[in-house]
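Participant: Pasting the sequence and the predicted coordinates here, then a few questions.
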Amino acid sequence: MVTDHKNLIENFKAVSAVPRGSGFNEKISGFLCDFAKENGLEYIQDEALNVIIKRPGSKGYENASPVVLQGHMDMVCVADPGVSHNFETEGISLVYEGDWVRANGTTLGGDDGFALAAGMSLLTDKDLVTPPLICVFTTDEETGMDGAKALDPKVFEGVKYLINLDSENENECLCGCAGGLRIDGRVPVARQWVKGDILHISLTGLRGGHSGAEIHKGITNAVRLLARVLFELKSIAGFCVVNMQGGEKDNAIPSSAEATIVLDDCFDIAKIKEYIKNIETKYRRAEENISFDLELMDACETTACTKDSFDRVLYVLLTAPNGVQAMSPSVEGLVETSLNLGIFALKDNEACFNYSLRSSCIGEKEFLSQRVRLILENAGGTGAEKNAYPAWEYRTDSVLRDKYVAKFKEVSGFEPKVNAIHAGVECGLFAEKCPSLDMISIGPDMKDIHSPRERLDLASSVRLYKVIEAVLAELK
């Protein structure tokens, strides 16, 4: 494993031991406050449990403009099927593989545990030459950026530069991001008592991934694929749907889904299995680990959706747009507008849809939201927008970007790619609070974030830390 540098790896280990799922910020927020106290650093914990920790400037840098280093403390909590892990009470079990670290059957939280670890190291690095530092650690970024929204703009008084540590490609310097919102859809369903053989269909093994950074990779959405299966099964067997669900986070592409159906008297299980095998074969080209499991159980009496009710649910699942909707006309290879159905659940009296919508174009974001809500309304349901956040527009002039690119080249031997991203970062909200901020977003190499395959390159983390050290010394 790579040699630790300025306690960076040890700090990441310490952060990983603290439960910090979105919505459960008390323990990690308290941990950061305790860290500040132990090191004699000034800190603030606000009502949203955001933590702001300050370090004075080095000798000769005392009167320089403060630099904000920023990241979020929450993580996406997803476990592999069959893995029992209580994210509210348990930390993450780390597995080291060479220079990489991953979790044992769960998401790792490198997004954005790296920011917490790097901030802790920079705040206590005795050799660091730096202007005054303000480390801003926000809550609930993954579920709507609520911490950043609640942050007092006074935090940025006198600040020229902000370095966001929430990216996942060492060789990339992000200088713009998409805006977005969530749509909560509801479609009422009616139920009736039915009796028949029960068939449980489980779909697992899809790649999943981040609905912004990986939406263009052709990753199959498990909920939509299972909806297709149920739609096409109607030509093979009569049935009613008892339940259906899939996905855990609206900003993650669902990797699994399941449904339970009650079969009519006349059904041919061999034909059903043959159809499922054909679907599995078709999708295996893009999803090599796809797996359908069918479990046929004895007949029983239960409540299921009326066929008309579930047809309206299928109408939404199959006709609402999903995935990439438009590519950027100005930045090659950048997604401009997309939509992801991240969570679906069929409950007693309604079907619930949770969509994550992103776009760097305000007009396209609004139009796509209207389309989705129109489809929900045509199915007799409703759609409500929430957690909207603004885009971060690319600046043509950026002192911070230029200094970062120069120092990165000096340390690494080549220039990073300057880019914008089709994912929300908190910089959009900070730009709204303080339009004069000169910002970049950077991070070490991470793979498969928001999935149990997530892993972080520790060697990349150390290299990036050294670049940050060099950049701070330039911001006198």
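Facilitator: On my side now, so go ahead.
Participant: Output the contacting helices and strands for the helix or strand encompassing Arg182.
Facilitator: Using DSSP states H and E, Arg182 maps to strand 179-188. The contact analysis (3 or more C-beta pairs under 8 Å, 6 or more residues apart in numbering; DSSP states H and E) places strand 179-188 against helix 307-319, strand 350-359, helix 362-378, strand 382-389. For the C-beta atoms, the positions are set from N, CA and C on the backbone; glycine is no exception.
Participant: got the angle for the third one vs strand 179-188?
Facilitator: On the basis of axes from the mean of the first three to the mean of the last three C-alpha atoms, to 10 degrees, helix 362-378 is oriented at 10 degrees to strand 179-188.
Participant: can you list the residues that contact helix 362-378?
Facilitator: Under the criterion C-beta atoms under 8 Å, 6 or more residues apart in numbering, residues 179-181, 183, 185-187, 315-316, 319-321, 325-326, 336-337, 339, 353, 355, 357-359, 382-383, 385, 391 lie in contact with helix 362-378.
Participant: Now find how far off-centre the strand holding Arg182 is within its chain.
Facilitator: 16 Å (C-alpha atoms, centre = their mean, to the nearest Å).
Participant: So the residue nearest to Asp250 when sequence neighbours are not counted, which state does it fall into?
Facilitator: Closest residue to Asp250 apart from its sequence neighbours, by C-beta to C-beta, 6 or more residues apart in numbering: Gly342 at 3.4 Å. Recorded secondary structure, Gly342: strand (DSSP: H, G, I helix; E, B strand; the rest coil).
Participant: show me what contacts Gly342?
Facilitator: Ser211, Gly247, Glu248, Lys249, Asp250, Asn251, Ala252, Ile253, Pro254, Asn354, Tyr355, Ser356.
Participant: of all the residues you listed, which two lie farthest apart?
Facilitator: Using C-beta to C-beta, those span at most 14.4 Å, a distance reached by Glu248 and Tyr355.
Participant: Surely His72 touches Phe114?
Facilitator: No: in this structure, His72 is not within contact of Phe114 by C-beta atoms under 8 Å, at 10.9 Å.
Participant: Between Glu248 and Tyr355, point out the one with more neighbours.
Facilitator: The neighbour count for Glu248 versus Tyr355, taken as other C-beta atoms under 10 Å, is higher for Tyr355 (27 against 18).
Participant: For Val316, see how far away the more buried one is.
Facilitator: Between Tyr355 and Val316 the computed distance is 10 Å (C-beta to C-beta, to the nearest Å).
Participant: Spatially nearest residue to Arg395 (excluding sequence neighbours)?
Facilitator: Cys175 (6.7 Å).
Participant: Can you pull out the residues in contact with the one helix or strand that neighbour maps to?
Facilitator: Following DSSP H and E, one finds Cys175 within strand 172-177. Residues outside strand 172-177 that contact it (C-beta under 8 Å, 6+ apart) are 164, 167, 360, 391-395, 398, 401, 404-405, 408, 416-425, 427-428, 439-442.
Participant: Try it again at 7 Å.
Facilitator: Counting by C-beta atoms under 7 Å, 6 or more residues apart in numbering, strand 172-177 makes contact with 167, 391-395, 398, 401, 404-405, 416-421, 423-425, 427-428, 440-442, all of which sit outside it.
Participant: cool, and stretch 382-402?
Facilitator: Residues outside stretch 382-402 that contact it (C-beta under 7 Å, 6+ apart): 144-145, 161, 173, 175-186, 360, 369, 372-373, 376, 418, 420, 424-425, 427-429, 431-432, 438-440.
Participant: same check, this time on stretch 461-471
Facilitator: Applying C-beta under 7 Å, 6+ apart, the contact partners of stretch 461-471 are 2, 5-6, 8, 114, 118, 121, 128, 163, 170, 403-404, 407-408, 410-412, 442, 444.
Participant: Surely Val425 is within a helix?
Facilitator: No: counting by three-state DSSP, Val425 is not found in a helix; it is coil.
Participant: Report the beta-bridge partners for the closest residue to it other than its chain neighbours.
Facilitator: Residue nearest to Val425 in three dimensions, not counting chain neighbours: Cys177, with 4.7 Å by C-beta to C-beta, 6+ apart. Per DSSP bridges, the residues bridged to Cys177 are Trp392, Ile421.
Participant: From Gly333, how far off is Cys177?
Facilitator: As judged by C-beta to C-beta, Cys177 and Gly333 stand 15 Å apart.
Participant: Have a look at the two and say which one is more surrounded.
Facilitator: Between Cys177 and Gly333, counted using other C-beta under 10 Å, the more crowded position is Cys177 (29 against 9).
Participant: Do a quick rundown of the strands in the stretch 201-350 of the chain.
Facilitator: All strands of the stretch 201-350 of the chain, identified by DSSP state E, counting those that start in this stretch, fall at 209-210, 239-246, 252-253, 257-263, 291-305, 323-327, 335-346, 350-359.
Participant: Could you list the paired strands of the third one along with their orientation?
Facilitator: Strand 252-253 pairs in its sheet with strand 209-210 (antiparallel), by DSSP bridges.
Participant: So Gly428 lies in a helix, does it not?
Facilitator: Yes: applying three-state DSSP, one finds Gly428 inside a helix.
Participant: how close does it get to Ile421?
Facilitator: Gly428 is 11 Å from Ile421, by C-beta to C-beta.
Participant: Next: Ile236.
Facilitator: 43 Å.
Participant: I'd guessed Tyr61 sits against Val67; true?
Facilitator: No: Tyr61 is beyond contact range of Val67, at 9.8 Å (criterion: C-beta atoms under 7 Å).
Participant: anything in contact with each of the two?
Facilitator: Pro131.
Participant: Settle it for me: which of the two has more neighbours?
Facilitator: Taking neighbours as other C-beta under 10 Å, Tyr61 and Val67 compare with Val67 leading, 24 against 18.
Participant: For the more buried one, give me its contacts.
Facilitator: Contacts for Val67 were tallied using C-beta under 7 Å, 6+ apart; they are Pro131, Leu133, Tyr161, Ile163, Leu472, Leu475.
Participant: With pLDDT added, can I get these in CSV?
Facilitator: Converted to CSV, the contacts of Val67 look like this (pLDDT from 0 to 100):
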residue, pLDDT
Pro131, 98
Leu133, 98
Tyr161, 98
Ile163, 98
Leu472, 97
Leu475, 94
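Participant: which residue ranges form the helices in the protein?
Facilitator: For the chain, the helices defined by DSSP state H occupy 8-16, 26-38, 110-124, 146-150, 222-233, 269-283, 307-319, 362-378, 399-412, 427-433, 458-474.
Participant: How much space separates the residue nearest to Asp250 from Phe353?
Facilitator: Distance from Gly342 to Phe353, by C-beta to C-beta: 9 Å.
Participant: try Ser256
Facilitator: Distance from Ser256 to Phe353, by C-beta to C-beta: 17 Å.
Participant: Pick out whichever of the two has more residues nearby.
Facilitator: The neighbour count for Ser256 versus Phe353, taken as other C-beta under 10 Å, is higher for Phe353 (28 against 21).
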